[in-house]
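In: Pasted the sequence and its predicted model underneath.
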Amino acid sequence: MLRLVLIQPQIPPNTGNIARTCAATATPLHLVGPLGFEITDRQLKRAGLDYWPHVNLHQHDSIDSFKAVARPGRWIAFSTKGSENYSKFAFQDNDWLLFGCETSGIPPALMEACDARVYIPMEQKHVRSLNLSVSAALGLFEARRQLGQLV
């Protein structure tokens, strides 16, 4: 089963939107702290609407506590520093899709621990990155498409 992981997210509406995507696809969502907000944040709850009861949510206080439970499966880092186009990467059913903090991405030590690093191509070189919730949806749906999990 694919799993989506947010490393130290900072913006509540992004996390709420991603939670909604995870609810719609029955994808477990792992939040790795420290978070830039409280899980009870009004903006977080608003973005996730009334779908929160349908989110398979796992919280980890730190990267180390996440690492202790995040196997088996490959860790796939989504990053502007990735070396392989995400649409050409061959996803597997037990992959963990990792997305970093909106302002700083995935910490270097965790990036090094990943099994693969992929990027989402952008034509405009002056645009540094896409919104976190857009990137997570693109990555998750591409992996699901490849695995025949789109209904």
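Out: The structure has been received and is ready for your questions.

In: Spatially nearest residue to Ser62, not counting backbone neighbours?
Out: Counting by C-beta to C-beta, 6 or more residues apart in numbering, Ser62 lies nearest to Gly33, which is 6.1 Å off, once chain neighbours are set aside. For every residue, glycine as well, the C-beta is placed using N, CA and C.

In: Tell me how many other residues surround the one you found.
Out: 17 (other C-beta atoms under 10 Å).

In: For it, report the pLDDT, please.
Out: Note on Gly33: pLDDT of 97.

In: what's the answer for Leu44, then?
Out: What the model reports for Leu44 is a pLDDT of 68.

In: Check Gly48 too.
Out: Looking at Gly48, its pLDDT reads 62.

In: same question, Leu2
Out: 98.

In: count of residues packed around it?
Out: 23.

In: before we move on, back to that, residues contacting the residue nearest to Ser62?
Out: For Gly33, the contacting residues are 8, 59-62, by C-beta atoms under 8 Å, 6 or more residues apart in numbering.

In: rerun at 7 Å
Out: Each residue near Gly33 by C-beta atoms under 7 Å, 6 or more residues apart in numbering is listed here: 8, 60-62.

In: mind checking which helix or strand of this structure has the lowest mean pLDDT?
Out: Lowest on mean pLDDT, DSSP states H and E among the helices and strands of the chain sits helix 42-48, with a mean of 69.

In: Distance of the spatially closest residue to Leu138 that is not a sequence neighbour relative to Phe78?
Out: The shortest distance from Leu138 to any non-neighbouring residue, by C-beta to C-beta, 6+ apart, is to Ile120 (5.8 Å). For Ile120, the distance to Phe78 (C-beta to C-beta, to the nearest Å) stands at 7 Å.

In: Likewise for Leu130?
Out: Computed with C-beta to C-beta, the distance linking Leu130 and Phe78 is 10 Å.

In: Could you pull out the strands in this protein for me?
Out: Secondary structure of the chain (DSSP state E): strands located at 3-7, 29-32, 57-60, 75-78, 84-85, 96-99, 116-119.
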